[in-house]
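K.L.:
below are the sequence and a predicted model; questions follow.
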Amino acid sequence: MNILILLLIKELDQLPSDMLLCILAYIDIKTLISVCIISYKFVELNLESLLRQRLTQLSRLNLKNHNLRCLINLSKFPFRKDRIITGNHHSMIVNNDGQIYTFGSNGCGELGLGDNTDRNIPAVITDIHNVIDISIGNNYSMILDNGGQIYTFGRNDQGQLGLGDNIKRNIPTLIPNIHNLIAISANELHSIILNDKGKIYIFGYNIFGRLGLGDYDRRNIPTLINTIHNIIAISVGGLHSMIVNNDGQIYTFGDSFHGQLGLGDNTNRNTPTLIPNISNIIAITAGGMHSIILNERGQIYTFGANNYGQLGLGDNDSQHTPTIINDISNIIAISAGRLHSMILNGGGQIYTFGNNDDGRLGLGDNINRNVPTLVAVMNKIIMISAGSFHSIILDNGGQIYTFGKNNNGQLG
């Protein structure tokens, strides 16, 4: 029996947890204790390597130099990539085969279909496969494939495509000399990309110092922020940026007029600045002028502009430091739009709050909400995305729901 348990421990990563529990249920406590004593040395010696191997598969990060403490912290982060994304006036979705579909506004070629014609039904981008991450900015788009390469297309007047010029593109165009990427984020006019070594590159418009490079000069090629390391999550807002390191600490930079940097004041920053007294963060999302963060206990904090109740705090007062929403828990995903917010709990229920013009909250009316309000959806929701004027959600059956503004067919 001891040999069996040791084998089970070695194969723990491959065994379903319910099967393991069933087997352990038949072992008397005395035998179980003796097995634990025997196997302790094996577990102690192999936990770090097993954890590193599994996390490398999930996150695609280069974890060779991470110690056990860093690996344990990193294991708290959700690495499942979103397959739906909303922008200003267009949307993108990815199916299980890594095929990408786009729809909505296409005036700058942001749909990547080789023309400038809007679409009101999803159209496939045929030349890009094995997509693992997508992000949308203001009339431009970014795609990351499973080879760690990034393609951009659409508007490019501020160099937000990272292609070394200011020429817009209507087909996905590879950013050269950038490899081993694991995450991308775009919003209004600037972009952030993250590689497997925890380093971030940034490009585009740089008013308010939103690029975090210590100046206010725009960049049209990906430029390394060399003052920050071990980054594992990134999010670009309308005028600001947020990043998280593998210790669950948050750094923000850019515009802080409404306190969206969470630093207690209205002072802009042009370098990444640590938000004090906040830790164990597992997800971040930057909206138009507000921010939402999620900790490992399923609690959410919001800060920044709140003129439409997009902070979900029951009032319309801006907040300059992260402020907890007390009456909500067990949250597993968050998404901040331009003026509204969406959160998802572990039961597959979604709550929305903020501006409700065009029905973007999905509540059957156009009334703004300043507290999280449950959206009535029949099936369990597993992914959410709040855009500038519309929203998309995905259920566990693979069905997509859209709501909000649809002037360019962005609801598909």
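P.N.:
Looks like it arrived, so ask away.
K.L.:
residue 387 - how many residues pack around it?
P.N.:
The burial count assigned to residue 387 is 25, neighbours taken as other CB atoms under 10 Å. Every C-beta, even on glycine, is put in place using the N, C-alpha and C of the backbone.
K.L.:
and it, how far from residue 84?
P.N.:
From residue 387 over to residue 84 the distance is 10 Å, taken as CB to CB, to the nearest Å.
K.L.:
where do the contact lists of these two overlap?
P.N.:
residue 91 (CB atoms under 8 Å, 6 or more residues apart in numbering).
K.L.:
in contact with the closest residue to residue 389 other than its chain neighbours, which residues?
P.N.:
In space, and not counting its chain neighbours, residue 389 is closest to residue 405: 3.8 Å by CB to CB, 6 or more residues apart in numbering. In this structure, residue 405 makes contact with 89, 357, 358, 360, 389, 390, judged by CB under 8 Å, 6+ apart.
K.L.:
now with 10 Å?
P.N.:
Contacts for residue 405 were tallied using CB atoms under 10 Å, 6 or more residues apart in numbering; they are 88-89, 104, 357-360, 387-391, 411.
K.L.:
do residue 394 as well
P.N.:
Residue 394 touches 82, 83, 84, 93, 379, 381, 382, 383, 384, 385, 400, 401, counting by CB under 10 Å, 6+ apart.
K.L.:
before we move on, which element is it in?
P.N.:
strand 390-395 (DSSP states H and E).
K.L.:
returning to that earlier point: tell me the one of the contacts of residue 405 nearest residue 284?
P.N.:
Using CB to CB, residue 387 comes nearest to residue 284 of the contacts of residue 405, at 17.3 Å.
K.L.:
test my guess that that closest one contacts residue 137.
P.N.:
No. With contact defined as CB atoms under 10 Å, residue 387 and residue 137 do not form a contacting pair (11.0 Å).
K.L.:
thinking again about what came up before, immediately after the strand holding residue 394, which helix or strand?
P.N.:
Moving toward the C-terminus from strand 390-395, the next helix or strand (DSSP H and E) is strand 400-404.
K.L.:
between that next one and strand 390-395, how many degrees?
P.N.:
Here the directions of strand 400-404 and strand 390-395 differ by 160 degrees (axes from the mean of the first three to the mean of the last three CA atoms, to 10 degrees).
K.L.:
in terms of secondary structure, what does strand 400-404 contact?
P.N.:
In terms of contacts (3 or more CB pairs under 10 Å, 6 or more residues apart in numbering; DSSP states H and E), strand 400-404 is packed against strand 84-86, strand 90-94, strand 381-386, strand 390-395.
K.L.:
let's see that with 8 Å instead.
P.N.:
strand 390-395 (3 or more CB pairs under 8 Å, 6 or more residues apart in numbering; DSSP states H and E).
K.L.:
and the strand it packs on, average pLDDT?
P.N.:
If you average the pLDDT over strand 390-395, you get 94.
K.L.:
quick one: that strand to chain centroid distance?
P.N.:
15 Å (CA atoms, centre = their mean, to the nearest Å).
K.L.:
within its sheet, name the partner strands of it and how each one runs.
P.N.:
Strand 390-395 pairs in its sheet with strand 381-386 (antiparallel), strand 400-404 (antiparallel), by DSSP bridges.
K.L.:
who wins for proximity to residue 121 among these?
P.N.:
strand 400-404 (11.6 Å).
K.L.:
show me the contact partners of that closest one.
P.N.:
Here strand 400-404 has contacts from 84, 91, 93, 358-362, 377, 387, 389-395, 410-412, using CB under 8 Å, 6+ apart.
K.L.:
before we move on, the earlier item: which of the strands paired with strand 390-395 is buried the deepest?
P.N.:
strand 381-386 (a mean of 23; mean count of other CB atoms under 10 Å).
K.L.:
hmm, who's touching that strand?
P.N.:
82-86, 287, 333, 335-337, 340-344, 348-350, 352, 360, 391-396.
K.L.:
go again with 7 Å.
P.N.:
If you take CB atoms under 7 Å, 6 or more residues apart in numbering as the criterion, strand 381-386 is touched by 82-86, 333, 335-337, 340-342, 344, 348-350, 391-396.
K.L.:
what is the mean pLDDT for stretch 132-150?
P.N.:
Here the average pLDDT along stretch 132-150 is 92.
K.L.:
which positions within that stretch qualify as buried?
P.N.:
132-145, 149-150 (16 or more other CB atoms under 10 Å).
K.L.:
ok, so of those residues, who is nearest residue 201?
P.N.:
Nearest to residue 201 among the buried residues of stretch 132-150, with distances taken as CB to CB, is residue 150, at 9.7 Å.
K.L.:
for residue 193, see how far away the closest one is.
P.N.:
Note on residue 150: its distance to residue 193, by CB to CB, is 6 Å.
K.L.:
need the residues touching each of these two.
P.N.:
What both residue 150 and residue 193 touch, as defined by CB under 7 Å, 6+ apart, is the set 178, 181, 184.
K.L.:
I'd say residue 410 and residue 88 touch.
P.N.:
No. In this structure, residue 410 is not within contact of residue 88 by CB atoms under 7 Å, at 8.5 Å.
K.L.:
quick one: which of the two has more around it?
P.N.:
Just comparing residue 410 and residue 88: by other CB under 10 Å the higher neighbour count belongs to residue 410, 27 against 23.
K.L.:
let's verify the more buried one: helix, strand, or coil?
P.N.:
Assigned by DSSP: H, G, I helix; E, B strand; the rest coil, the conformation of residue 410 is coil.
K.L.:
look up how far residue 392 lies from the residue lying closest to it once chain neighbours are set aside.
P.N.:
Using CB to CB, 6+ apart and skipping the chain neighbours, the partner closest in space to residue 410 is residue 104 (3.3 Å). As judged by CB to CB, residue 104 and residue 392 stand 11 Å apart.
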